[in-house]
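# quick one: sequence and predicted model below, then my questions.
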Amino acid sequence: MLLFIQAAHAAPETAGAGSIFGQILLPVAFFAIFYFLVIRPQSKRTKEHRAMVNALSVGNEIIFAGGLMGRIKDIEGDYAVVSLNNNTDVKIQRASVISVLPAGTIESV
């Protein structure tokens, strides 16, 4: 048994250099995976949504966050007046618009 203990103490230490590399590589790999799977797609969606909101104009048919469909009647800065039907108008934030519908969608529904 004493022979094995002496052999273990006499073995060279080569794990030190590899462990520092491994300790740095692992967090970098996790960050890279997190970036490509979460951060980058989310920033791309945000950029597309911002472009859609900035391109809104009077007459566009939209769906907004409440799930209602309507036609933009007027744009006032960060807000838009949306006509839900002939008698009902609501004022919404432009950022709450989920999607712009093709022209004529409201009449066909």
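Alright, I've got the coordinates.

# who's in contact with the nearest residue to Ala65 once chain neighbours are set aside?
In this structure, Ala65 finds its nearest non-sequential neighbour in Ser96, 4.1 Å apart by Cβ to Cβ, 6 or more residues apart in numbering. (Glycine included, C-beta is placed from N, CA and C.) Listed by Cβ atoms under 8 Å, 6 or more residues apart in numbering, the contact partners of Ser96 are 64-66.

# list the neighbouring strands of the longest strand seen in the chain plus their orientation.
In the chain, assigned by DSSP state E, the strand with the most residues is strand 69-76. Strand pairing for strand 69-76, determined by DSSP bridges: strand 61-64 (antiparallel), strand 79-83 (antiparallel).

# center of the protein - which residue?
Geometric centre of the chain, nearest residue: Gln42, 2.1 Å, by Cα atoms, centre = their mean.

# now do the host helix or strand of that residue against strand 79-83, angle only.
Using DSSP states H and E, Gln42 falls within helix 40-54. With axes from the mean of the first three to the mean of the last three Cα atoms, to 10 degrees defining the directions, helix 40-54 sits at 70 degrees from strand 79-83.

# quick check: which ranges of the protein have low pLDDT?
Low-confidence segments of the chain, defined by pLDDT under 70: 1-18.

# hey, which helix is longest across it?
Using DSSP state H, we find that the single longest helix of the chain is helix 15-34.
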